[in-house]
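Chemist: Turn this into a model:
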Amino acid sequence: MEGNVYSFNKSIQISGEGYPSDAEGENVLPSEFALLQNYPNPFNPSTKISWQSPVGGWQTLKIFDVLGNEVVALVNEYREAGKYETEFNAEKLSSGVYYYQLRAGDPSTSSGQGFVETKKMIYLK
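Modeler: Down below sits the predicted model:
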């Protein structure tokens, strides 16, 4: 009795383009704006900041000191709807409390789709 041998290859091509998707291949876009707490917090010398935007638009992510002075703009560009993460390295700064603020979209547009949120983080040397 002879048996049949079957084989097949399954491949996945990754282009780096398009929208994030779940395991079933459906587009997964955020349904609301969100600025997440940085991690780790407290941090030394770097931390990750994550956010999401349900609409495309101009986005700025800025770091401020306790006096409200802008320390650095980490993001200042147009971005499509999606989830994002960036790293902030405070190695050249003094220890202390800092604030990060996300501005996304434009609340003055007819859709009213805009977002501003500020969160606190602590840098310990």
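Chemist: excluding its backbone neighbours, what's nearest Gln52?
Modeler: Pro30 (3.8 Å; CB to CB, 6 or more residues apart in numbering). Where you see a C-beta, it was placed from the backbone N, CA and C, and this is true even at glycine.
Chemist: what does Val72 give?
Modeler: Ile63 (5.0 Å).
Chemist: On the pLDDT front, check that neighbour for me.
Modeler: Listed pLDDT for Ile63 reads 97.
Chemist: I'd assumed Leu102 was in contact with it.
Modeler: No: with contacts counted by CB atoms under 8 Å, Ile63 stays clear of Leu102, the gap being 11.1 Å.
Chemist: re the thing from before, just grab the bridge partners of the residue nearest to Val72 for me.
Modeler: Val72, Tyr100 (DSSP bridges).
Chemist: dump the residue contacts of it.
Modeler: Going by CB atoms under 8 Å, 6 or more residues apart in numbering, Ile63 touches Glu70, Val71, Val72, Ala73, Leu74, Phe88, Tyr98, Tyr99, Tyr100.
Chemist: name the element the spatially most central residue of the chain belongs to?
Modeler: The residue lying closest to the centre of the chain (CA atoms, centre = their mean) is Tyr84, at 2.2 Å. Assessed by DSSP states H and E, Tyr84 sits inside strand 82-89.
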